[in-house]
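Enquirer: Sequence and predicted structure are below.
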Amino acid sequence: MSKPVTIIDYGVGNLLSVARGIEAAGGAPRFASNVADVRSAERILLPGVGAFEHCARTLREMGLADAVRDFAATGRPFLGICVGMQLLFDYSLEFGKHEGLGLVSGHVAPIPETDGTVRRKVPHIGWSPLSHPATRESWGNTILEGCDPGRSSFYFVHSFSCIPDSPSSILAEADYSGFPICAAVMHDNITGFQCHPEKSGVAGLGVLGRFLAQ
């Protein structure tokens, strides 16, 4: 029997693309836009595309921000994708300072266009391989288990990058012209991906499959 995945529908993000990815990985996607369905879910996926402030405000206005926090406290599997990962953090500096969900300590800041010697195109768009951060030797017992560091590539589209307060929260990094992008975070039952596993071919479906297995 396919495992259900509740995708939070708050009018933001490519929900059909995410749902197709879940189906291809063997899951049964369901959409939820009310508090009761979010709180009672077996596992949830928080998508997000566009501006952080709009996503965060819409979640609050629909009454879903507290429901998401309540779900996270249950210990059940929780996955955030793209802006859905950024929302896990305390705040973002995109067009001002805007409050996030506060589930992972840290903030979201612009990808620097230059470090004085290297110029980068922003947004960061395209395929980049993931690697272990300095604090992690293995992806064993995580949803990246089985991925090949430095070779398994994932698809990115973003102009802002998450900066966790604790390096131990970083699950994976991606080098972007010398700037270490925080590609994935993990904190207790919560995992976030800046990249799009639903658009990342076999490697991405493997990640979604391991999320289903949690």
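Expert: Looks like it arrived, so ask away.

Enquirer: Is it correct that Ser138 is in contact with Leu144?
Expert: No: with contacts counted by CB atoms under 8 Å, Ser138 stays clear of Leu144, the gap being 9.5 Å. C-betas here are computed from N, CA, C, even on glycine.

Enquirer: With neighbour numbers in mind, choose between the two.
Expert: Comparing Ser138 with Leu144 by neighbour count (other CB atoms under 10 Å), the higher total belongs to Leu144, at 28 against 10.

Enquirer: Please look at the more buried one and Ala184 and confirm they touch.
Expert: Yes: with contact defined as CB under 8 Å, Leu144 reaches Ala184; the gap is 6.8 Å.

Enquirer: which neighbours do those two share?
Expert: For the pair Leu144 and Ala184, residues contacting each of them under the criterion CB atoms under 8 Å, 6 or more residues apart in numbering are Leu130, Leu171, Ala172.

Enquirer: Mark which of the residues you listed are part of strands, please.
Expert: The strands, defined by DSSP state E, take in Leu171, Ala172 from the shared contacts of Leu144 and Ala184.

Enquirer: which of the shared contacts of Leu144 and Ala184 lies closest to Leu45?
Expert: In terms of CB to CB, no member of the shared contacts of Leu144 and Ala184 lies closer to Leu45 than Leu171, at 16.4 Å.

Enquirer: Pull out the buried residues from stretch 169-177.
Expert: Along stretch 169-177, these residues count as buried under the neighbour rule (16 or more other CB atoms under 10 Å): Ser169, Ile170, Leu171, Ala172, Glu173, Ala174, Tyr176.

Enquirer: Check stretch 123-131 too.
Expert: His124, Ser128, Pro129, Leu130, Ser131.

Enquirer: Next one: the last one from Pro123, what distance?
Expert: Using CB to CB, to the nearest Å, we find Ser131 at a distance of 21 Å from Pro123.

Enquirer: got the buried residues of stretch 123-131 as CSV, with pLDDT and distance to Pro149 columns?
Expert: Below are the buried residues of stretch 123-131 laid out as CSV (pLDDT from 0 to 100; distance: CB to CB, whole Å):
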residue, pLDDT, distance to Pro149
His124, 96, 19
Ser128, 97, 12
Pro129, 98, 8
Leu130, 98, 7
Ser131, 97, 5
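
Enquirer: Which one of the residues you listed is nearest to Gly27?
Expert: The shortest approach to Gly27 among those belongs to Leu130, at 21.9 Å (CB to CB).

Enquirer: Okay then, goodbye and thanks.
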